[in-house]
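> okay, here's the prediction I keep looking at, along with the sequence it came from:
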Amino acid sequence: MSDRSPGTDFLTAWRTPEAFLSMTVAQQDLLLRVARQHFLLAAFDARLEQAGCREALPVPLQAMLEGIRVFATERERAIRWEINRIQRAFHGTGLPVILLKGAAYHLRALPMAKGRITRDVDLLLPAADLALAEQCLLAQDWSAALSDPYDQHYYRQWMHEIPPLRHRRRMSELDLHHAIVPRTSRLKTDATRLLQAIEPVAGCVDVWTLCTEDLVLHAVVHLFHDGDFQGLGLRDLLDLDGLFQHFATQEDFWARLLNRAAELNLSRPLDHALHGCARIVRTPIPPEILRAARQASPASRMSRRMLGHLMERVIAPRHPDESHVDPLTALARSALYLRSHWLRMPLGLLIPHLARKWARRWHS
Amino acid sequence: MKIGELSAIELDQRLRSGLMWRVGPFNVRLRTAIPEFIAPFHRLYAHHRWLAPSAPEVMHFHPTLHPGTGLRRWWRPQVRFELDGLSRQAPFPRDHALPLFEWGFNHGIASRAHQYLMLHAAVVARGAQALLLPGIPGSGKSTLCAALMLHGWRLLSDEFALIAPATGLLHPLPRPIALKNEAIDIIAALDPAARLGPVFPKTRKGRVAHLQPTAASVATEEEPARPTWVVCPKFLPKAKAELTPVPGDFAFLRLSGNAFNYEMKGASGFATVARMIRSCPIQDLTFGDLTAAVALLEAWTRETPPP
């Protein structure tokens, strides 16, 4: 169809939706499939609308986009309703509702959240409040989503969240975090400092999000720690691109972000994320900020370059007609997978954990 | 240009590189090299238009049928259904590629086409006046709609009532009607000229065969119809064909219950169903004999003019 990778056209149209109108039908068709594959079609539709391009599209195409828009609108409504139900479960206990990730983007009405498909609600709680929060939720018909005893043990012992909960009737998933990196992680960052800086959500009673810099830094950490890079990697990177671009208009945002990263011991992942965004999605980041982030990062030049290449290879969307993954990309994906686990826990824990996961996969 | 006008070899070649075709409001690019799929698809979709690659349009669905992986390529060979590289259906034996495609495509429509309110109902029409047959599986709605189609009604769908909330109109999606178990023999006996596909034994829904939509149904697939009558069928062995009116509040639940995306459409879904129950007479139909049921519906719809 074209010698360019299917991701090139997608990222071009993502940045400048007007460019979509002048593409060939074959390019448009492929681009829309790539967008759908990465759960980005509704967000792309929102960008077309913001750019005033939607009306210029052929009617059958508008109908298709309307379908995904209805879906995204309903997802957002469902997320707001979940938050309402969580407030109800916490009522009278004094537990705060502190939203992370997608739910936070929606409730803060960030422009980058328009059309974003958010599946679960993620909450941050002081570690001491976790047991009470879990109890309140279990009493209101949430239950453990994972029944395997090893999974339960794994989350409770090592992770920064308790095992995911699922509501019995609505089937919605809820993750309760007490930190943004695992207990065992090589990166140490103090969750109490995040909790000290939370900000209230306008128009809601007792609903909070992380402060602006922490919200961005959490997305940065998420990209390297929790990302599975199998479809969501590109979405996570575009989340960051959207956050960077939105907050860059605030005074001193970049300086505040770099300072906060240093305070929270997150200069290294911030450096990787800024360079990844600048290189892969061409996020406009001032060159002096890129330089300052690089200087603040303890990573060696070699490991920075290596990670840059791995990210680019893994995040680049594959052609939707090719169900196999080329060996180099598969290798890069395994490398990033191992890296995210390497960051998560010391080797003494990691080897038995991965052995267990592989054994289970083999059995099923 | 119709799929039925392609030779089997041409169809095979096009399917390998991706056959683009139209069904109702949707453009589909279907790719497969499964040999067992070609003959039944050729027969059941004979009246549908294929789209020339020289005048491309954006496709709404990109389904693929792949052979099984590993050993399952040769030993008890399997077929897998994928939509844009994602697979949600369990693999089937390879000679059941056609029913797998039909179910996978249904699932794809139900999970994507939210521009429409999608009710779970069979729909047939006389001209621009549509008769909706909502019903749970086993109610006899597919069999009844097959019989009505063979009696000259246009088939809009045996499964999906696609309603555009802005206009309240039903959009046709004429695809093969899936007949199960005894219904296959009943339809074959009702009309010896009925164009049935092969019988697939032992699927997850029992014995299944598909009935080709009539040429007239496919030729008018771009002409929407207005909801005019609603009949909720219920097959009861040996029962006399009988219609009884349904009160409005019950009627609302008959239509909205069991729908594919009623909740997702929110207020517009409610308004659309409310408009239908206000404008259409709604009846329950019990029947034990298909011919009698068709005759009753013919008479009732002629006596009950559109509002």
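Cool, the structure landed.

> now for residue B:245, how many residues are close by?
For residue B:245, the neighbour count with other Cβ atoms under 10 Å in any protein chain shown is 11. Bear in mind the C-beta positions are built from the backbone N, C-alpha and C, glycine included.

> mind listing what it touches?
When contacts are counted by Cβ atoms under 8 Å, 6 or more residues apart in numbering or on different chains, residue B:245 touches B:281-284.

> host element of residue 143?
The chain I'm using is chain A. Assessed by DSSP states H and E, residue A:143 sits inside strand A:142-144.

> you looked at the wrong chain, it should be chain B
Residue B:143 belongs to helix B:141-150 when assigned by DSSP H and E.

> and that helix, what does it pack against?
For helix B:141-150, the packing partners by 3 or more Cβ pairs under 8 Å, 6 or more residues apart in numbering or on different chains; DSSP states H and E come out as strand B:117-126, strand B:129-134, strand B:177-180, helix B:182-190, strand B:226-235, helix B:290-303.

> now these in CSV, with mean pLDDT, distance to chain A and mean neighbour count?
Output for the helices and strands packed on helix B:141-150, formatted as CSV (pLDDT from 0 to 100; distance: least, Cβ to the nearest Cβ, whole Å; neighbours: other Cβ atoms under 10 Å in any protein chain shown):
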stretch, mean pLDDT, distance to chain A, mean neighbour count
strand B:117-126, 96, 10, 26
strand B:129-134, 96, 20, 24
strand B:177-180, 95, 24, 22
helix B:182-190, 94, 31, 17
strand B:226-235, 95, 19, 22
helix B:290-303, 95, 30, 16
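
> now those as a markdown table including distance to residue A:221?
Below are those laid out as a markdown table (distance: least, Cβ to Cβ, whole Å):
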| stretch | distance to residue A:221 |
| --- | --- |
| strand B:117-126 | 40 |
| strand B:129-134 | 50 |
| strand B:177-180 | 49 |
| helix B:182-190 | 57 |
| strand B:226-235 | 53 |
| helix B:290-303 | 63 |
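
> so which of these is nearest residue A:271?
Nearest to residue A:271 among the helices and strands packed on helix B:141-150 is strand B:117-126 (48.1 Å), distances taken as Cβ to Cβ.

> just for chain A, where's the confidence low?
Residue ranges of chain A with pLDDT under 70: A:1-5, A:183-184, A:186, A:225-232, A:323-325, A:341-349, A:362-364.

> can you pull out the strands in it?
Ranges of strands in chain A, per DSSP state E, are A:97-100, A:121-124, A:142-144, A:165-167, A:173-177, A:199-200, A:207-209.

> quick one: closest of those strands to chain B.
strand A:165-167 (15.3 Å; Cβ to the nearest Cβ).

> that closest one pairs with which strands?
Paired neighbours of strand A:165-167 in the sheet (DSSP bridges): strand A:142-144 (antiparallel), strand A:173-177 (antiparallel).

> can I get those in CSV including mean neighbour count?
Shown next, in CSV, are the strands paired with strand A:165-167 (neighbours: other Cβ atoms under 10 Å in any protein chain shown):
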stretch, mean neighbour count
strand A:142-144, 17
strand A:173-177, 20
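
> from the contacts of residue B:245, which single one is nearest chain A?
Using Cβ to the nearest Cβ, those come closest to chain A at residue B:282, 26.4 Å.

> what's residue B:205 in contact with, if anything?
The contact partners of residue B:205, taken as Cβ under 8 Å, 6+ apart, are B:137, B:178, B:180.

> okay but the second one is in contact with residue B:141, surely?
Same thing as residue B:178. No - using Cβ atoms under 8 Å, residue B:178 makes no contact with residue B:141, being 11.1 Å away.

> tell me, what's touching these two both at once?
Joint contacts of residue B:178 and residue B:141 (Cβ under 8 Å, 6+ apart) are residue B:158.

> just to revisit the earlier point, out of the strands of chain A, nearest to residue B:242?
In terms of Cβ to Cβ, the element of the strands of chain A nearest to residue B:242 is strand A:165-167, at 43.3 Å.

> re the thing from before, want to throw the strands paired with strand A:165-167 into TSV with distance to residue A:54?
Formatted as TSV, the strands paired with strand A:165-167 follow (distance: least, Cβ to Cβ, whole Å):
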stretch	distance to residue A:54
strand A:142-144	39
strand A:173-177	32
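
> between those, which one is closest to residue B:239.
strand A:142-144 (44.0 Å).

> residues of chain A that sit close to chain B?
A:24-26, A:28-29, A:32-33, A:36-37, A:58, A:60-61, A:63-64, A:66-68, A:70-71, A:73-74, A:77, A:320-321, A:323 (Cβ under 8 Å from any Cβ of the partner chain).

> quick one, which of those residues are buried?
With burial judged by 16 or more other Cβ atoms under 10 Å in any protein chain shown, the buried subset of the residues of chain A next to chain B is A:28-29, A:32-33, A:36-37, A:61, A:63-64, A:66-68, A:70-71, A:73-74, A:320-321.

> helix/strand/coil for the closest residue in space to residue B:12 that isn't next to it in sequence?
Across the structure, with Cβ to Cβ, 6 or more residues apart in numbering or on different chains as the measure, the residue nearest residue B:12 apart from its sequence neighbours is residue B:38 (5.5 Å). The local conformation at residue B:38, judged by DSSP: H, G, I helix; E, B strand; the rest coil, is helix.
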